[in-house]
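Novice: quick check, what structure comes out for this input:
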Amino acid sequence: MRNIFVFVLACSLLSAHGESFAQETKLPRVEFPVWERVLSGTLGTKPINVALTRIAGNVSGSYCYAPCSGKTRQQLQLTGTVKANTLKLTERDSQSAKNIATGRWTVNLDGDSASGNWTSPDGGKTFALHLRDTQPVPFELRLVADAMPKETDDSDEAPYVSAIRIYRNGRLAQELPTDSQGPGRVFIPSFVDANFDGFPDLTIALSLPAGPNIPQQTWLFDPRTQRFVDAPETLQAITSPEFDKTFKTIVSQWRNGCCEHGVTTYRWDGGRLKEAATASSVQLPVLVGQKILYCYTIPEYRDGRIEFADRVEQVGDRLTLTFEDFSGCESRALSTASGDIAIWKRDAAGRLKVVRTESTAWKQVDTTAGRRYCPEIPYFANGRIERKVLRDRPDEICSEAAP
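Specialist: So this is what the prediction gives:
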């Protein structure tokens with residue numbers, strides 16, 4: 001009888017301990033609203049463009065007077081809070097060393113529009129604000145996390161986000177599980193048109209590794225069911241995707257280690273996503289006088305195509321370089337980069353195309369280490385291609401057998 005009593009007591013203690021442990025390890029779940037909005041309108045009589053981000057009760061962003069340029073787009077900074085549908089923002093000029101307020105905003109949000117006032121710091125001037133969302137969507141997003149975000153960014157990890165809740169007309173429409181954690185603040189889900197069907201899809205960054213290879217999780221909107229569904233694995237595997245609606249192209253700019261940068265593009269073929277083109281960084285061999293240089297050049301995506309801004313271009317019968325600054329070039333080539341020279345030329349429509357490639361060849365020559373196969377490198381030299389056999393470092397760049 002005593003053994004039975006001891007067994008029952010032990011089971012009760014284990015059960016209580018298990019319940020306590022489960023309660024201790026269960027992650028807390030909080031919910032807070034987030035959004036990104038791009039608005040345009042007027043401040044007084046002047047046209048402006050505004051970009052705002054909300055995380056819980058905090059709002060930050062910037063604005064510029066149209067037409068905006070790269071220099072002005074981030075100059076006028078906005079920070080503040082949102083309560084109910086009212087924004088209270090402080091404006092500062094990022095170019096000013098004093099970092100003092102240059103204006104105050106009070107803006108009331110009403111669906112896709114916003115209106116309010118700009119007031120000077122001394123209260124002496126007031127101008128009306130009238131704005132409209134340029135990319136409206138019929139959804140409200142809230143993040144489910146293990147803690148509320150802090151009011152200011154810092155070096156600590158942001159709250160861990162386990163789900164995105166999608167509200168429509170004030171009601172919960174869908175919850176999407178995720179696994180996202182930013183380094184200093186939470187990642188904001190973005191509405192994109194990932195499959196270029198005209199409906200808003202959803203994407204969120206999952207982490208921030210070194211370099212541009214940021215993993216993303218994406219959901220496609222199904223207009224038939226009015227719900228978001230997981231995007232194909234081919235899209236989920238693309239890091240840092242950018243969605244070009246004009247050319248219906250998905251672009252990924254990536255890095256492989258310290259010495260290789262590249263661009264890969266993808267296009268939809270029916271419901272399948274396929275790689276369209278890819279290019280990686282090269283070292284452009286150049287002769288400046290008698291000095292040998294290797295200029296690291298990185299591909300760029302422009303208007304549906306991958307191009308190199310720094311390149312050798314054929315104009316008429318002459319070859320030209322598109323850059324004149326050699327300060328970033330090295331006297332020795334990186335072993336991981338190609339030394340080939342692509343010759344670009346514009347066609348009748350003005351589009352750039354590679355018309356031929358000058359490639360490295362291998363020549364058997366006498367060196368200080370004996371007979372070796374050494375690289376014969378093409379160099380751009382004063383409007384033409386000049387070839388040189390490199391034999392001064394046979395143990396490093398030459399080989400006994402033909403490559």
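Novice: where exactly do the helices run in the chain?
Specialist: Using DSSP state H, the helices of the chain run over 2-25, 233-236, 394-397.
Novice: least reliable of those by average pLDDT, please.
Specialist: Considering the helices of the chain one by one, the lowest average pLDDT is found for helix 2-25, at a mean of 45.
Novice: per-residue pLDDT, the residue nearest in space to the middle of the chain?
Specialist: Relative to the mean C-alpha position of the chain, the nearest C-alpha, by CA atoms, centre = their mean, is the one of residue 240, at 4.9 Å. If you check residue 240, the pLDDT there is 94.
Novice: quick check: phi and psi at it.
Specialist: Torsion angles at residue 240 (phi, psi; degrees, to the nearest 10) stand at phi 50, psi 50.
Novice: do I have it right that it meets residue 255?
Specialist: No: because the distance of 9.7 Å does not satisfy CB atoms under 8 Å, residue 240 is recorded as not touching residue 255. The C-beta positions use only the backbone N, C-alpha and C, and glycine is treated the same way.
Novice: quick check: neighbours shared by these two?
Specialist: Counting by CB atoms under 8 Å, 6 or more residues apart in numbering, the contacts common to residue 240 and residue 255 are 212, 213.
Novice: report the contact partners of the residue nearest to the centre of the chain.
Specialist: With contacts taken as CB under 8 Å, 6+ apart, residue 240 has the following neighbours: 212, 213, 214, 216, 252, 253, 254.
Novice: which of those lies closest to residue 96?
Specialist: Comparing these against residue 96 with CB to CB places residue 212 closest, at 30.8 Å.
Novice: quick one: neighbours of the closest one, just the number.
Specialist: 12 (other CB atoms under 10 Å).
Novice: separation between it and residue 74?
Specialist: 19 Å (CB to CB, to the nearest Å).
Novice: sorry, back to before: would you mind measuring from the residue nearest to the centre of the chain to residue 264?
Specialist: Taking CB to CB as the measure, residue 240 falls 10 Å from residue 264.
Novice: shared neighbours of the two, anything?
Specialist: When CB under 8 Å, 6+ apart defines a contact, the residues bordering residue 240 and residue 264 alike are 252, 254.
Novice: residue 40 reaches residue 47, doesn't it?
Specialist: Yes: the pair formed by residue 40 and residue 47 meets the contact definition of CB under 8 Å, at 7.2 Å.
Novice: now for the two: what residues contact both?
Specialist: Contact with both residue 40 and residue 47 is made by residues residue 66, according to CB under 8 Å, 6+ apart.
Novice: and residue 283, how many neighbours?
Specialist: Residue 283 is surrounded by 24 other residues when neighbours are defined as other CB under 10 Å.
Novice: for stretch 49-69, buried residues please.
Specialist: 49-56, 58-64, 68 (16 or more other CB atoms under 10 Å).
Novice: cross those residues against strands and list the overlap.
Specialist: By the criterion of DSSP state E, membership of those in strands covers 49-55, 58-64.
Novice: got those residues as TSV, with pLDDT and distance to residue 93 columns?
Specialist: Shown next, in TSV, are those (pLDDT from 0 to 100; distance: CB to CB, whole Å):
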residue	pLDDT	distance to residue 93
49	96	17
50	97	16
51	96	16
52	97	18
53	97	19
54	96	23
55	96	23
58	96	21
59	97	18
60	96	15
61	96	14
62	96	11
63	96	11
64	95	12
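Novice: re the thing from before, so which of the contacts of residue 240 comes closest to residue 193?
Specialist: Using CB to CB, residue 216 is the member of those that lies nearest residue 193, at 14.6 Å.
Novice: so what's that closest one closest to, chain neighbours aside?
Specialist: Nearest residue to residue 216 in three dimensions, chain neighbours excluded: residue 203, at 5.3 Å (CB to CB, 6 or more residues apart in numbering).
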